[in-house]
Every structure is written in structure tokens, then in C-alpha cells.
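Engineer: Fold the following for me, if possible:
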Amino acid sequence: MSKQKFFDRLAATWDAEERPDISERLARVAALSCLREGQSVLDVGTGTGVLIPHILRAIGQRGIVVAIDISREMLRQAFQKGFPLNVYFLLADMHRLGIRHEAFDRVLCNAVFPHFEHKERALREAWRVLVPGGLLVISHPIGREAVNRLHAQCHPVAEDRVPTAAKMHELLTRLGWVDVEVLDEPEFYLARAWKRA
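Structural biologist: Have a look, this model is predicted:
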């Protein structure tokens, strides 16, 4: 089964299966993403759009969110939530976005990084679409260990693992990102890396 079909099948029940405290965890992701009013944000692997309300609280009506996913059904669930007109949905693959250069102030990859088939290519695409001085955020609000345990139980994503903090730091630094920070707490994981201004 392809990953697209795997996530299509999960879309209808995705939100009901989230942890009860997921909203607080997503609020922390948004806070650590240094979001500001009026910014443009690429929400990679938006799924059912769980992070979008937290992004919108920070960027306001003058900002824009482009929410992408490889799963048409996930996007359908997100679209049905009735987000405001400054949220755009796009069926797209992070490896080849087809979006102009330097279009975003922030690229947020929430609960999606392990699913990239070619991680370096995806990170280079994030670099391409970020403005100079823009921020990349890679987050897993339930933590690395929990994600890796969960994925190990599901065949299509069984090998999709969140890397250790040391491996993530090395990867981002090697690709030219600066001021790289990785939080790898027991129940929260977040990497931040800036594109040099």
C-alpha cells in the first residue's frame, strides 16, 4: 500500500484518535516557531489541519497559510473545517513543490519528517521556498520514541523513524542551516533551523 493510500484510509478518524492534550502540544510547536503577524507559512503534511488554528492565532488575517499534504482525504478533512480565506490547501509532495522561490517566512513540518522518502531533497526544497532569514521547524509533539513505536506497528510507515537529536543536528548543519537547535524530550520533539539571511 502506498503512503498516500495509507493516510487516505486514516483521514476520517485521525482527529478522534489524537491525544487529549494534543492542542497544548501544538500550541507549543507554534510558540517555538516564532510566528509573527502577517507572515506566510508553509504547513507541510498538514493532515487534517490540526496545526492551522495555532498558526492563524499568531499570523492573523494578514498572514497566509499554504497547507500541503500527499493525501487527498486528509486535505478533504482539513478543508471541511471551514478555515478562513487566507488558508490555501494544495495536494503536493514536499520533494517537488512547484512553488516559487523564497515564498515563505516559515516552513513547518509537523509530524511528517520521517515520511519523506528523500529527506535531504525535502530539506533542500524547504530551503528553496524560505526567504533568507526564514525558519524551518520539524516537530513531533508526542515525542520521538512514541512516534517511532507507533510507526513500527504500521507496515507502510514501519521504517519511517524520527532521528535522534544528534543525527538531526548533523543533517541540518551539513545542509547549510544555521543556529540549529533540537529539543528531544521524552514526550516532545522539535528541531529549528534558520536559513542564513
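
Engineer: In a helix, residue 150, correct?
Structural biologist: Yes - assessed with DSSP: H, G, I helix; E, B strand; the rest coil, residue 150 lies in a helix.

Engineer: Give the buried residues for the longest strand out of those in the chain.
Structural biologist: For the chain, the strand with the greatest residue count under DSSP state E is strand 130-140. Neighbour-count burial for strand 130-140 flags 130, 131, 134, 135, 136, 137, 138, 139, 140 (criterion: 16 or more other CB atoms under 10 Å). (C-beta placed from N, C-alpha, C; glycine too.)

Engineer: List the neighbouring strands of it plus their orientation.
Structural biologist: strand 104-110 (parallel), strand 188-194 (antiparallel) (DSSP bridges).

Engineer: okay, those in TSV with distance to residue 158, mean neighbour count and mean pLDDT next?
Structural biologist: Shown next, in TSV, are the strands paired with strand 130-140 (distance: least, CB to CB, whole Å; neighbours: other CB atoms under 10 Å; pLDDT from 0 to 100):
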stretch	distance to residue 158	mean neighbour count	mean pLDDT
strand 104-110	20	25	98
strand 188-194	19	22	98
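
Engineer: what's the closest of these to residue 77?
Structural biologist: With CB to CB as the measure, strand 104-110 is the member of these nearest residue 77 (15.4 Å).

Engineer: tell me the contacts of the most centrally placed residue in the chain?
Structural biologist: Central residue of the chain (CA atoms, centre = their mean): residue 109, 1.8 Å from the mean position. Counting by CB atoms under 8 Å, 6 or more residues apart in numbering, residue 109 makes contact with 44, 45, 94, 126, 136, 137, 138, 139.

Engineer: how near is it to residue 84?
Structural biologist: Residue 109 is 23 Å from residue 84, where distance means CB to CB, to the nearest Å.

Engineer: Also residue 163?
Structural biologist: According to CB to CB, residue 163 stands 35 Å off from residue 84.

Engineer: higher neighbour count, the two?
Structural biologist: Counted by other CB atoms under 10 Å, residue 163 and residue 84 do not tie: residue 163 has more neighbours, with 20 against 9.

Engineer: Tell me if that one really is in a strand.
Structural biologist: No - applying three-state DSSP, one finds residue 163 to be coil, outside a strand.

Engineer: From residue 182, how far out is the closest residue to it other than its chain neighbours?
Structural biologist: Nearest non-adjacent residue to residue 163, counting by CB to CB, 6 or more residues apart in numbering: residue 171, 7.1 Å away. Look at residue 171 and residue 182: by CB to CB, they are 10 Å apart.

Engineer: which one of these two has more residues nearby?
Structural biologist: Set residue 171 next to residue 182 and count neighbours by other CB under 10 Å: residue 182 wins out with 20 against 17.
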